[in-house]
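S.K.: Next come a sequence and a model predicted from it.
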Amino acid sequence: FAVIPSFTYSALGNLTLPAYEHTYGIDGTPRAADVYFNNQWNTILVTPLGAGGAGLFSMNITNPTSITEANAANLSGNGYWLFDSTQDKDLGLTFSETSVAQVNASSTTKKWAVIFGNGYNNTTTGTNKSTTGNAVLYVLDSQNGSIIRKLDTGAGLSADPAGQSRPNGLSTPTVVDYDGDGVADYVYAGDIFGNMWKFDIRNTDPTKWTVAKLFSNTKSPMQSITAAPDVKKHASGQGVIVYFGTGKFIGSDDLVPQQDSIYGVLDNFTATGITPSKLVSQTLTTVTSDGNTYRTLTNNEIDWATK
């Protein structure tokens, strides 16, 4: 079977135009995951539109044979849902890939959630445009797409490092279950402005979840973070190291070469506002010897107590 979500259906007629110019439809990366609701396990498939628009949709594919044209009217709720900028205006082009994890919904209830960044250009895309341009994390109920919690970083138009009032946007997040109990504890995600954000979602009351800027990139030109970070426990047990690279290839301005970086930042669960100047630099150097080209990397020692 094939499915065309309602928010891309209206553009299908353009395909027949003699002067048709390519436009994106469903351009995001789908994710399949097993989730528990209605007293049973279900398999959902969540797909963002990517460059195709400000939205994503979920399908319950536990029993694929039930997805038919004749049964279309019954395919709502219970893993079938749509989420777009008409439901929240801070949603941008949904380049962010989704994560699916169990979260605390209350002191007595846990829910399986779909977690993703709000994507890009939210002040210029969608039918309900953002007025702030902020980078935002969404945590949605996997059963019906309702918002469990929207965590707003507060960094948007007014925080543009170039002072041009451009919108920010949150990229693909990484969800961390630090204590291994099967419930998400932290979420890490970078943004267009080069910041790395930490979302603490441990509290059983989602209204008490918090957001903090773990890393603030002060380099110029701006080093955007558009890929999900990798998060590993530190060998000493004093927290986690958040690894991430910078770089963006989305718009025409990205054709201009610039220096990007790879960072590893220690989160000891109290650190905030780390900048590049507080990190130990390692340098990649190209060396030619006997007609062969090699790359060497420095091994400067890190004092984890101060860096």
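M.R.: Nice, thanks for sending it over.

S.K.: For the rest of this, base every contact and every neighbour count on C-alpha atoms.
M.R.: Will do.

S.K.: residues contacting Ala33?
M.R.: Ala33 makes contacts with Thr43, Ile44, Leu45, Val100, as judged by C-alpha atoms under 8 Å, 6 or more residues apart in numbering.

S.K.: In terms of helix, strand or coil, where does it fall?
M.R.: strand (DSSP: H, G, I helix; E, B strand; the rest coil).

S.K.: Identify the bridge partners of it.
M.R.: Counting by DSSP bridges, Ala33 is bridged to Ile44.

S.K.: ok, now how distant is it from Thr124?
M.R.: Separation of Ala33 from Thr124 (C-alpha to C-alpha, to the nearest Å): 31 Å.

S.K.: what about Thr127, neighbour count?
M.R.: Thr127 has 12 neighbours, counted by other C-alpha atoms under 10 Å.

S.K.: re the thing from before, I'd like the contacts of Ala33 laid out as CSV, including neighbour count.
M.R.: Formatted as CSV, the contacts of Ala33 follow (neighbours: other C-alpha atoms under 10 Å):
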residue, neighbour count
Thr43, 17
Ile44, 22
Leu45, 17
Val100, 23
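
S.K.: Now do the contacts for Val287.
M.R.: If you count contacts by C-alpha under 8 Å, 6+ apart, Val287 has them with Thr293, Tyr294, Arg295, Thr296.

S.K.: Pick the one among those closest to Ile67.
M.R.: Nearest to Ile67 among the contacts of Val287: Arg295, at 53.3 Å, using C-alpha to C-alpha.

S.K.: Isn't that closest one up against Ser289?
M.R.: No. Using C-alpha atoms under 8 Å, Arg295 is not in contact with Ser289; the gap is 10.8 Å.

S.K.: For the most centrally placed residue in the chain, report the pLDDT, please.
M.R.: Nearest to the mean C-alpha position of the chain, counting by C-alpha atoms, centre = their mean, stands Thr172 at 2.3 Å. You'll see Thr172 listed with a pLDDT of 98.

S.K.: again, but for Gly13
M.R.: Listed pLDDT for Gly13 reads 89.

S.K.: That one in helix, strand or coil?
M.R.: At Gly13 the chain is in helix, as set by three-state DSSP.

S.K.: Could you give the number of residues near it?
M.R.: 9.

S.K.: Repeat that for Asp181.
M.R.: 8.

S.K.: So for it, what's the pLDDT?
M.R.: Asp181 is assigned 96 on the pLDDT scale.

S.K.: how close does it get to Asn104?
M.R.: Counting by C-alpha to C-alpha, the gap from Asp181 to Asn104 is 12 Å.

S.K.: just to revisit the earlier point, distance to Tyr20 and pLDDT for the contacts of Ala33 - can I get that in TSV?
M.R.: Output for those, formatted as TSV (distance: C-alpha to C-alpha, whole Å; pLDDT from 0 to 100):
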residue	distance to Tyr20	pLDDT
Thr43	37	97
Ile44	34	97
Leu45	31	97
Val100	37	98
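
S.K.: Out of those residues, which comes closest to Tyr188?
M.R.: Distances from Tyr188 to the contacts of Ala33, taken by C-alpha to C-alpha, are shortest for Val100, at 14.0 Å.

S.K.: On the three-state scheme, the closest one is what?
M.R.: Applying three-state DSSP: Val100 is strand.

S.K.: cool, Asp254 as well?
M.R.: helix.

S.K.: Quick one: neighbours of the closest residue to it other than its chain neighbours, just the number.
M.R.: Excluding its sequence neighbours, the residue lying closest to Asp254 (C-alpha to C-alpha, 6 or more residues apart in numbering) is Lys248, at 6.4 Å. Using other C-alpha under 10 Å, Lys248 has 15 neighbouring residues.

S.K.: Now do Lys248, the pLDDT please.
M.R.: At Lys248, the pLDDT value in this model is 94.

S.K.: correct me, but it touches Thr226?
M.R.: Yes. Lys248 lies in contact with Thr226 (C-alpha under 8 Å); the separation is 6.2 Å.

S.K.: So for Val46, what's the nearest residue that isn't a sequence neighbour?
M.R.: Nearest residue to Val46, sequence neighbours excluded (C-alpha to C-alpha, 6+ apart): Ser58, at 4.3 Å.

S.K.: isn't there a strand covering that neighbour?
M.R.: Yes. According to three-state DSSP, Ser58 belongs to a strand.
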